[in-house]
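> the following comprises the amino acid sequence and a computationally predicted model.
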Amino acid sequence: MSSQYSDICVLGAGGFLGSHLVAELAHCGCRVRAFDRHLPKNPLLTEAQRSQINNIEGDFFNPRDLDRALNGCSVCFHLISTTLPQTSNVSPAQDVRQNLAGTLDMLDKAKELGVKKIVFSSSGGTVYGVPQTQLISEDHPSDPICSYGVVKLATEKYLLLYRELYGLDYTILRIANPYGPLQKTHALQGIIGVFLGKILQDEALTVWGDGSVVRDYLYVGDVARAFVAAMGLETEHRVFNIGSGTGISINEIITSLCQVTGKTITARYKKGRTFDVPYSVLDISRAKQELGWEPQMPFEEGIKKTWDWLQTANF
């Protein structure tokens with residue numbers, strides 16, 4: 001694979017998904033530009049693999065820093081977002097100014113520097129809005145109910161526009177709910193990482209609603225493989241759901257966490273939140289057929305890997 005590409009840029013390489021993607025690309029023999037505001041040492045890389053990584057610290061909104069990141073790259077993975085679904089509605093204007101306008105500036109820079117392809121991290125949990133079907137395909141109506149999803153969807157449309165206008169190729173991955181090692185334990189999203197962090201400290205879990213909310217959870221290593229698959233294949237479609245294809249409720253998660261950790265868990269149930277739709281599971285048949293990708297990590301095995309990592313992590 002590495003012979004097909006010049007350097008590959010990962011925007012957001014210091015984050016949860018970015019760290020795993022960088023490691024997967026290095027495993028495939030690619031030369032990587034890892035770009036983020038801060039780049040801590042990636043514990044997923046071997047010492048030999050570190051020689052394949054060019055770490056570039058900079059500001060996504062600074063044209064000179066973007067130039068350093070993208071110049072000479074053939075593919076750019078765009079994983080940067082300054083907002084979260086839960087907080088994006090506080091200031092939609094700021095969300096647009098930062099994430100949408102910032103991405104357009106990046107696309108202009110990519111066009112100028114001859115980048116051939118953008119692989120964009122979109123959101124399978126927010127771009128569709130309230131599900132109208134049990135399994136959500138890529139053709140499901142897209143009516144986001146938070147600014148985060150609106151901006152992700154708008155970015156998708158601009159990627160289509162830039163391909164039509166300038167020939168800049170792209171692939172969009174609408175990702176479900178990733179979990180795994182390196183996930184933050186003190187955050188506003190990422191329920192499995194947050195729950196495991198609470199369990200490690202023998203603290204009670206907070207559950208919004210009665211625990212029946214169902215989501216699609218996916219091991220982060222499987223997400224990284226999907227990104228790499230999207231980089232290399234020419235397919236009929238350019239938008240792909242990336243999930244497990246099965247739903248798990250919060251109460252089922254808690255049961256699995258009890259079994260994996262061997263701990264007694266206390267859960268405190270609070271009034272449900274208005275933005276939590278009751279059921280959201282992605283149809284991943286297109287990714288299976290066209291990307292040749294499907295998830296490999298069983299849920300409880302992924303939970304165990306995350307728990308084992310968390311007990312040895314240095315925060």
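Nice, I can see it.

> low-confidence stretches in this structure?
When residues are selected by pLDDT under 70, those of the chain lie in 1-5, 275, 314-315.

> which residue is the nearest non-sequential neighbour of the spatially most distant residue from the centre of it?
Among the C-alpha atoms of the chain, the one most distant from their mean position (C-alpha atoms, centre = their mean) is that of Thr264, at 30.7 Å. Counting by C-beta to C-beta, 6 or more residues apart in numbering, the nearest residue to Thr264 once its immediate chain neighbours are dropped is Cys258, at 7.4 Å. Every C-beta, even on glycine, is put in place using the N, C-alpha and C of the backbone.

> quick check: that neighbour is in a helix.
Yes - the assignment for Cys258 by DSSP: H, G, I helix; E, B strand; the rest coil puts it in a helix.

> what's the spacing between it and Val151?
Using C-beta to C-beta, to the nearest Å, Cys258 is found at 37 Å from Val151.

> show me the contacts for the nearest residue to Ala23 once chain neighbours are set aside.
On the basis of C-beta to C-beta, 6+ apart, the spatially nearest residue to Ala23 that is not a chain neighbour turns out to be Leu44, at 3.8 Å. Listed by C-beta atoms under 8 Å, 6 or more residues apart in numbering, the contact partners of Leu44 are 19-20, 22-23, 181-182.

> how about a cut-off of 7 Å?
Leu44 makes contact with 19-20, 23, according to C-beta atoms under 7 Å, 6 or more residues apart in numbering.

> so Arg33 sits against Cys9, correct?
Yes - taking C-beta atoms under 7 Å as the contact criterion, Arg33 and Cys9 are neighbours in contact, 4.3 Å apart.

> quick one: secondary structure of the residue nearest to Ala23?
Each residue gets one of three states, and Leu44 gets coil by three-state DSSP.

> what about Arg268, which helix or strand?
With elements taken from DSSP states H and E, the one containing Arg268 is strand 267-270.

> hmm, who's touching that strand?
Around strand 267-270, the neighbours that count as contacts under C-beta under 7 Å, 6+ apart are 204-208, 210-211, 254.

> let's see that with 8 Å instead.
204-211, 254.

> and whichever helix or strand comes after that strand, what does it pack against?
Stepping forward along the backbone from strand 267-270, the first helix or strand reached (DSSP H and E) is strand 281-282. Identification of packing neighbours for strand 281-282 by 3 or more C-beta pairs under 8 Å, 6 or more residues apart in numbering; DSSP states H and E yields strand 135-136.

> state the number of residues packed around the residue lying closest to Gly129 once chain neighbours are set aside.
Of all residues not flanking Gly129 in the chain, Asp143 sits nearest, at 3.8 Å (C-beta to C-beta, 6+ apart). As a burial measure, the neighbour count of Asp143 was computed by other C-beta atoms under 10 Å and equals 13.

> contacts only, for the closest residue to Gly124 other than its chain neighbours.
The shortest distance from Gly124 to any non-neighbouring residue, by C-beta to C-beta, 6+ apart, is to Arg174 (3.9 Å). By C-beta under 8 Å, 6+ apart, the residues touching Arg174 are 122-124, 127, 138, 239-242, 282.

> distance of Arg174 relative to Thr46?
When distance is defined by C-beta to C-beta, Arg174 is 31 Å away from Thr46.

> can you show me the helices along the stretch 151-300 of the chain?
Counting by DSSP state H, counting those that start in this stretch, the segments of the stretch 151-300 of the chain that form helices are 191-200, 220-232, 250-261, 285-286, 299-312.

> what helices and strands are in contact with the last one?
Helix 299-312 is packed against strand 177-179, helix 191-200, strand 217-219, helix 250-261, with contacts defined by 3+ C-beta pairs under 8 Å, 6+ apart.

> and it, how far from the chain's centre?
Helix 299-312 sits 19 Å away from the centroid of its parent chain (C-alpha atoms, centre = their mean, to the nearest Å).

> need the contact partners of that helix.
Judged by C-beta under 8 Å, 6+ apart, the contacts made with helix 299-312 from elsewhere in the structure are 179-183, 185, 192-193, 196-197, 200, 217, 219, 244, 248, 256-257, 259-261, 297.

> just give me the neighbour total for the nearest residue to Ala176 once chain neighbours are set aside.
Counting by C-beta to C-beta, 6+ apart, the nearest residue to Ala176 once its immediate chain neighbours are dropped is Gly243, at 3.3 Å. If you count neighbours by other C-beta under 10 Å, Gly243 ends up with 29.

> next up, phi/psi of Gly243, please.
As for Gly243, its main-chain torsions (degrees, to the nearest 10) stand at phi -150, psi -170.
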